[in-house]
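Engineer: Okay, here's the prediction I keep looking at, along with the sequence it came from:
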There are 2 protein chains.
Amino acid sequence: MNPAELYETHRDLLTRAVEATVARDYWSAFPESPSKSVYGEEAAPAGERAFTALLGKPFPIDVPGATGTVTTERSPYGLELAVSYPRADPLALIAAARAAAPGWRAAGPEGRAGVAAEILRRINAASFEMAHAVQHTTGQAFVMAFQAGGAHAQDRGLEAVAYALAATTRLPARSSWAKPQRGGDPLTLEKTATVVGRGVSVVIGCTTFPTWNSYPGLFASLVTGNPVIVKPHPGAVLPLAITVRIAREVLTEAGIDPNVVTLAAEEPGDGIAATLATHPDVRIVDFTGSSEFGDWLEANARQAVVYTEKAGLNTVIVDSTADYRGLLRNLAFSLSLYSGQMCTTPQNILVPRDGIETDAGHRSVAEFGSDLAAALDKLLGDPARAAGTLGAIVNDGVLSRVTEASGLPGVIHPSAVVADPAFATALIRTPLVAGVDAADEKTYTREWFGPVSFLITTESTADSLRIFTETVRAHGALSALVHSTSAEVIDAAREAALDAGVHLSENLTGGVFVNQTAAFSDLHGTGANPAATAALTDDWFVAGRFFTLQSRRHS
Amino acid sequence: MNPAELYETHRDLLTRAVEATVARDYWSAFPESPSKSVYGEEAAPAGERAFTALLGKPFPIDVPGATGTVTTERSPYGLELAVSYPRADPLALIAAARAAAPGWRAAGPEGRAGVAAEILRRINAASFEMAHAVQHTTGQAFVMAFQAGGAHAQDRGLEAVAYALAATTRLPARSSWAKPQRGGDPLTLEKTATVVGRGVSVVIGCTTFPTWNSYPGLFASLVTGNPVIVKPHPGAVLPLAITVRIAREVLTEAGIDPNVVTLAAEEPGDGIAATLATHPDVRIVDFTGSSEFGDWLEANARQAVVYTEKAGLNTVIVDSTADYRGLLRNLAFSLSLYSGQMCTTPQNILVPRDGIETDAGHRSVAEFGSDLAAALDKLLGDPARAAGTLGAIVNDGVLSRVTEASGLPGVIHPSAVVADPAFATALIRTPLVAGVDAADEKTYTREWFGPVSFLITTESTADSLRIFTETVRAHGALSALVHSTSAEVIDAAREAALDAGVHLSENLTGGVFVNQTAAFSDLHGTGANPAATAALTDDWFVAGRFFTLQSRRHS
């Protein structure tokens, strides 16, 4: 089907998605449950077969100008992957992208949204294959990989499609202008508005959420009319290689040059992200990863608009609670999920020196610490269930931070080894929590990405809010949580979060966690603090990716 | 009235304005005719009295932290102005703006739009006072000053208000989220979205269109929640001083800190634009003026989002026409209006070596040149009417370029002195047109801001289109015009304009001119070529000025 036909095919889905961007009540296009009743009897075994068939072979994908191959992935679960990918020549990719751009521009916003929706539909159909690929590159446990790497990522992709489609069709493509003239016929003009992409787009993926964090930029750039070079992290190529393979299939079938989407795989150290991001023809860069490289991109990719999501100090302010057990259970799960390897996992837990009031009575800082440790032990007591929550440690960098934190003086809950019954060599660790004083800024204003958090003793809740605002303004954050039964404290926390520029969750004690955001309802990142330059996904995230060019003539 | 009441007062106007941003048919909120039937018998004399009362005195405005005064303006019409303004201390202005920000944030998008609409309503009521102020700073003739500096600027300001209001209210301020759970009650959350301005905004005005070019940034920043420091060009302070005076009156009456809008007047050479634009607390910069300083701001105001409108090579491609007299009349007027001192005035007129086909027969390049010169002479034959079209030369820089161009070898129409019957010492010049060959790039790829244009002989229309695309991609442009009777040439010109990244007018032979754009219908600038980083006014122009911060809690 050509782009116009794909738009007609997916028109209802796209219309519903655009409505959801405005309503922002609950909506999801892609089911998050890997159950047979949703995806059918055959989906799971077929997906596993498709994944297994990829192992130990060259990945089936064309890459213009590639020279040789690279094999760079290692499963945190110990599975031998040995998938090789064409090694990218960045200049050849840019040339191919430029050549593909005019045809993509001509497809128009609706046609491009139709192609994007079809790509997402087929990615969704490959969700089981993708889940294995995500699990064995990121270390996410299978169900999380299916959800965060599959359905949730697809929803985020569709959300970006919806914002981009709405933004590129908000001005009418054709309009008639008639200016009244005193004592004469009106002056009339026919006007045309054409959306033109900014230029070649580069999406730089990360190792922990290769799809979830890449899809918004990928699909926003595509629908706004830009060819996209997808540059995966060398440790998590496969999920994006599958994505690019599917995108190229859909493009080819739609009669579009498949080089609208290309894969840029590299040896670690090739540094092609920097080469691509600073090339004069590259006009859009999306990046998720370290603050160091993100800051470098913002400073050096001057010819491009740069959207970064980096790191920060996710903070919990504990003042008081009406559901102490719920608080502990909820917080223990947030610290444990994927071993704290989420950009939204809380790191800094601020508790006033005099302790907190709870429905289970007053708790001192020390009591709160031991209660939290107990909640972690309870959550992670069964190895099989623990492995399903914790997933595996993605790389040695995370592991070395856990080792470093283990040497801190105030450890409240040490990081323990968990044996996964299914994968004997999987690298699995429980969260470490260490107690520190608010004066020990040097420790807790560093980001310890992974299962390391701090219980920080402050002078008071007011002091906690001050520390929260100051540290987040300076170092950034992607999430924040407050627990309080006091309306004044909640109000103060909301003001503090506005000042800090971070989204706030309040009194989460049930099945919603501070480290999870929902597409079509929650923004992820704000742009208002150093952790990210934009939110996923809003108008600012899409508006810089295109221009609107007008022409006008007399009727 | 407080902000909420002002919103209710202006709700219909704002709703209509938002609708107009989407429909983009003809709409205007502020009448462009200075006639008594529109503005009443008394408006003109009262406005003149108000203007005259300002002359020779300190301008009545509070500026926080000001030290001493400056008097920097000179009327191109020779009138003695001698208005003095408080001399700004940039750091004091930034501190005052920061202090005013929380109250402005609390007013909310609708409240801020209500305040903005009231400011515009009062500016409109002061249109005659403003017209004199614009005339005697910019050199625009009175009627043009009334229109471009008054009603059209007010429409552009309202357009920015409408885009900003729509963008800041597109996400609901409150929403309810309910995620179905298998075999249980749904997970539910109440969510709040709060718009937070990016930070202190600085608007740097230009000398030729102090209001028209400043209002979009001023009002976009205001409505998105930012305090604004208005930094006029030392040669055109009065129009923006009146604007700031009115804004502060409205803010004060609404119970808002008037330092939400402040005036930053300086001695030429104080360089406070650079000081303001690079200060860490300044997060938004709007600039209209030279490419040199605009490029400097883009490179150096790294802590801010920077919107610039600079200079370029506005181009006319002449291929053929079915209305030769209309073409000549229309083009002669475009070259003459305000002595070519518009950022949209055509500079480069590309004509094929073999001449052009017209309804009046074939015309060689030389014949076209003499016909254009004759059309200029006819348009400007009567001194009083000529003065009304040409206005006056704004400053010595423009005059020296005219002098320099007079020495070029191929002058087709020399620049002549015109005596304005009303202002004996007004500096008025007709447009100069010089013939050059396409090979003489050094001459015509420079911007000659003012009444200097080039008739450039190319090999063919295809060559003209190539030169058009290449020169505009390299040097930028704010307008382009093609004349052709051939559908293929028009199609090729449209593609060339998309590649060049410039808006295109086609076959203008009547009462619409390439150098004029209409608010709520035409975009001004594109962002897609070096002449500007954004269009006035679209989502991209407003979306970077604010963040949306969410909070969420269980229902």
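Structural biologist: Alright, I've got the coordinates. Numbering: from 1, shown residues only, chains lettered A, B, ... in the order given.

Engineer: Report the secondary structure state of the residue nearest to residue A:441 when sequence neighbours are not counted.
Structural biologist: Excluding its sequence neighbours, the residue lying closest to residue A:441 (Cβ to Cβ, 6 or more residues apart in numbering or on different chains) is residue A:471, at 7.9 Å. Placement of C-beta: from N, CA and C, glycine included. Secondary structure state of residue A:471, per DSSP: H, G, I helix; E, B strand; the rest coil, is helix.

Engineer: Isn't residue A:471 up against residue A:347?
Structural biologist: No - contact criterion Cβ atoms under 8 Å: residue A:471 and residue A:347 do not qualify, at 10.0 Å.

Engineer: out of these two, which sits in the busier spot?
Structural biologist: Legend: neighbour count by other Cβ atoms under 10 Å in any protein chain shown for residue A:471 and residue A:347, higher for residue A:347 (25 against 21).

Engineer: mind checking how far that one is from residue A:478?
Structural biologist: To residue A:478, residue A:347 is 11 Å away according to Cβ to Cβ, to the nearest Å.

Engineer: same check, this time on residue A:552
Structural biologist: 44 Å.

Engineer: Looking at these two, which one has more neighbours?
Structural biologist: When neighbours are counted by other Cβ under 10 Å, residue A:552 and residue A:478 differ, and residue A:478 comes out ahead with 26 against 23.

Engineer: what about the more buried one, which SS state?
Structural biologist: For residue A:478, the secondary structure call by three-state DSSP comes out as coil.

Engineer: Then the one 4 residues further on?
Structural biologist: Per three-state DSSP, the local secondary structure of residue A:482 is strand.

Engineer: now swap in residue A:229 and tell me
Structural biologist: Three-state assignment for residue A:229 (three-state DSSP): strand.

Engineer: For it, which residues count as its bridge partners?
Structural biologist: Judged by DSSP bridges, the bridge partners of residue A:229 are residue A:202, residue A:262.

Engineer: does it really touch residue A:265, like I thought?
Structural biologist: No - if you go by Cβ under 8 Å, residue A:229 and residue A:265 don't touch, sitting 11.0 Å apart.

Engineer: For the most centrally placed residue in chain A, give me its contacts.
Structural biologist: Note on chain A: the residue nearest the mean C-alpha position is residue A:213, at 2.7 Å, using Cα atoms, centre = their mean. Residues in contact with residue A:213 (Cβ atoms under 8 Å, 6 or more residues apart in numbering or on different chains) are A:205-206, A:288, A:309.

Engineer: phi, psi of it?
Structural biologist: Backbone torsions for residue A:213, taken as degrees, to the nearest 10, come to phi -80, psi -20.

Engineer: if I look at it, how far off is chain B?
Structural biologist: From residue A:213 over to chain B the distance is 19 Å, taken as Cβ to the nearest Cβ, to the nearest Å.

Engineer: Output the set of residues of the stretch 351-500 of chain A in proximity to chain B.
Structural biologist: A:494, A:497-498 (Cβ under 8 Å from any Cβ of the partner chain).

Engineer: rerun at 10 Å
Structural biologist: For the stretch 351-500 of chain A, the residues in contact with chain B (Cβ under 10 Å from any Cβ of the partner chain) are A:480, A:482, A:490, A:493-495, A:497-500.

Engineer: The residue in the stretch 301-450 of chain A positioned nearest to chain B - how many residues pack around it?
Structural biologist: Nearest residue of the stretch 301-450 of chain A to chain B: residue A:302, at 7.6 Å (Cβ to the nearest Cβ). Residue A:302 has 12 neighbours, counted by other Cβ under 10 Å.

Engineer: Spell out which parts of the stretch 201-350 of chain A neighbour chain B.
Structural biologist: Close to chain B, as judged by Cβ under 10 Å from any Cβ, the stretch 201-350 of chain A has residues A:283, A:298-299, A:302, A:305, A:323, A:326.

Engineer: With secondary structure and pLDDT as added columns, please give the residues you listed in CSV.
Structural biologist: Below are these laid out as CSV (DSSP: H, G, I helix; E, B strand; the rest coil; pLDDT from 0 to 100):
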residue, secondary structure, pLDDT
A:283, strand, 98
A:298, helix, 96
A:299, helix, 96
A:302, coil, 96
A:305, strand, 97
A:323, coil, 98
A:326, helix, 98
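
Engineer: one step back: number of residues surrounding the closest residue to the residue of the stretch 301-450 of chain A closest to chain B other than its chain neighbours?
Structural biologist: With sequence-adjacent residues excluded and distances taken as Cβ to Cβ, 6+ apart, residue A:302 is closest to residue B:299, at 7.6 Å. By other Cβ under 10 Å, the residues close to residue B:299 number 10.
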